[in-house]
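[1] sequence unknown, structure follows:
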Ligand SMILES: C[S@@+](CC[C@H](N)C(=O)[O-])C[C@H]1O[C@@H](n2cnc3c(N)ncnc32)[C@H](O)[C@@H]1O
């Protein structure tokens, strides 16, 4: 194929369109309710190149599919594949499934959750990154409908044992089967070519009381009559740890621009980190502190705290909610 500026530009536009149609940033409870109207709501975690979830979505047009992936490139590839296939029953969400499964779905709302070949993170020093930790398992079985299932497949016997231990400890009922690798996924084919076996764990619903940190968490704007620049500069190098809510707000620098100032912030809620900017915007009658429009963040308590900390030197927090 010959590449011309026009063909490159139209390909770029097609890609942007497919991203807009398929990749969502923040599903609302309304979105979830809309998806649930379909026959089944099916979630695949860590869908990799997206071949399995897109194939299932094509074969089952009356069901709705949500893919959750921590890799942005995977989301883009899967969106493009879905666009090519003209799928109307699938969306992708970029982020950590350990946080998203708990925060997005209400109890008893999902029919099937799949996780094929999650990374086993065998080193003890990396164990915090494992998907199949107790908190995740609690969330995933809680969001399953009464007849729902959680299916994970692994080639790694240590990871299998570790997951089984966690399930047993939580009293979640499950079955284990040995099987040939799942050829419909890239990693399945890889393990097949190495002659490796796979195991599936099918876990059943169970209710746990889940604390969802996004529930009722609004992030306010703040208005300041006067701005103490020295104070803001000091703030831009400070860290705040709240042991009660297990959250951290760390300011990581300040940048001056036409509109005012940007504060770079790292927030951590439990083990969920986010990086974003707060805009301190010059206005006729003072200053406005708000999340910068580039901030594609979940509005967690630590994010809210960052606005409050930045506003502390001002006179009042506006009742206007963002
Ligand atoms: C080993 S690959 C398996 C991909 C695919 N399921 C397959 O079988 O070919 C694991 C995938 O999980 C994704 N992943 C890892 N941790 C995740 C998390 N906490 N939340 C969502 N996706 C995650 C990775 O980006 C990667 O694409």
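    Structure received. Keep in mind that what you see is a predicted model, and the values were worked out from it rather than measured.
[2] all contacts plus neighbour counts: C-alpha atoms, from now on.
    Noted.
[3] ok, residue 202 - how many residues close by?
    Using other Cα atoms under 10 Å, residue 202 has 17 other residues around it.
[4] one more: the one 10 residues further on?
    Here the count is done by other Cα under 10 Å, and residue 212 has 16 residues near it.
[5] remind me which residues of the stretch 201-322 of the chain are low pLDDT?
    313-322 (pLDDT under 70).
[6] which ones are touching the residue in it that the ligand sits nearest to?
    Closest to the ligand within the stretch 201-322 of the chain is residue 272: 10.4 Å, counting by Cα to the nearest ligand atom. Listed by Cα atoms under 8 Å, 6 or more residues apart in numbering, the contact set of residue 272 reads residue 99.
[7] tell me the spacing between it and residue 292.
    Counting by Cα to Cα, to the nearest Å, the separation of residue 272 from residue 292 is 20 Å.
[8] dump the residue contacts of the residue nearest to residue 261 when sequence neighbours are not counted.
    Sequence neighbours aside, residue 280 is the residue nearest to residue 261 in space, at 5.0 Å (criterion: Cα to Cα, 6 or more residues apart in numbering). Contacts for residue 280 (Cα under 8 Å, 6+ apart) come out as 259, 260, 261, 262, 263, 287, 288, 289, 290.
[9] go on, residue 57?
    63, 64, 65, 87, 89, 90.
[10] these two touch, right, the first one and residue 34?
    No: contact between residue 63 and residue 34 fails when scored by Cα atoms under 8 Å: they sit 11.5 Å apart.
[11] who has more neighbours, the two?
    Legend: neighbour count by other Cα under 10 Å for residue 63 and residue 34, higher for residue 63 (20 against 11).
[12] any idea of the pLDDT on residue 28?
    Looking at residue 28, its pLDDT is 84.
[13] how many neighbouring residues does it have?
    The burial count for residue 28: 11, using other Cα under 10 Å.
[14] could you tell me how many residues sit around the closest residue to it other than its chain neighbours?
    Sequence neighbours aside, residue 104 is the residue nearest to residue 28 in space, at 7.6 Å (criterion: Cα to Cα, 6+ apart). Residues lying near residue 104 (other Cα under 10 Å) number 19.
[15] over to residue 234?
    Applying other Cα under 10 Å, we find 12 other residues in the vicinity of residue 234.
[16] can you check the one 4 residues further on too?
    Applying other Cα under 10 Å, we find 13 residues neighbouring residue 238.
[17] now do the same contact list for it.
    Contacts of residue 238 by Cα under 8 Å, 6+ apart are 250, 251, 252.
[18] and it, how far from residue 25?
    Residue 238 is 29 Å from residue 25, by Cα to Cα.
[19] with residue 142 instead?
    23 Å.
[20] who has more neighbours, the two?
    Neighbours per residue (other Cα under 10 Å) separate residue 142 from residue 25, with residue 142 holding more: 26 against 14.
[21] strands along the stretch 201-322 of the chain, start to end?
    For the stretch 201-322 of the chain, strands defined by DSSP state E, counting those that start in this stretch occupy the ranges 220-224, 239-242, 247-256, 260-269, 272-283, 286-291, 316-321.
[22] and what of the stretch 1-150 of the chain?
    Under DSSP E, counting those that start in this stretch, the stretch 1-150 of the chain gives strands at 23-24, 41-45, 64-69, 90-94, 110-116, 144-154.
[23] please name every helix or strand in contact with the very next helix or strand once past the longest one.
    Sequence order places helix 157-170 as the next helix or strand after strand 144-154, per DSSP states H and E. Helix 157-170 makes packing contacts with helix 134-142 when contacts are defined by 3 or more Cα pairs under 8 Å, 6 or more residues apart in numbering; DSSP states H and E.
[24] what's the helix it packs on packed up against?
    Packed next to helix 134-142, using 3+ Cα pairs under 8 Å, 6+ apart, are helix 97-104, strand 144-154, helix 157-170.
[25] tell me which of these lies nearest to residue 301.
    helix 97-104 (13.0 Å; Cα to Cα).
[26] tell me how many other residues crowd residue 206.
    Residue 206: 22 neighbours (other Cα under 10 Å).
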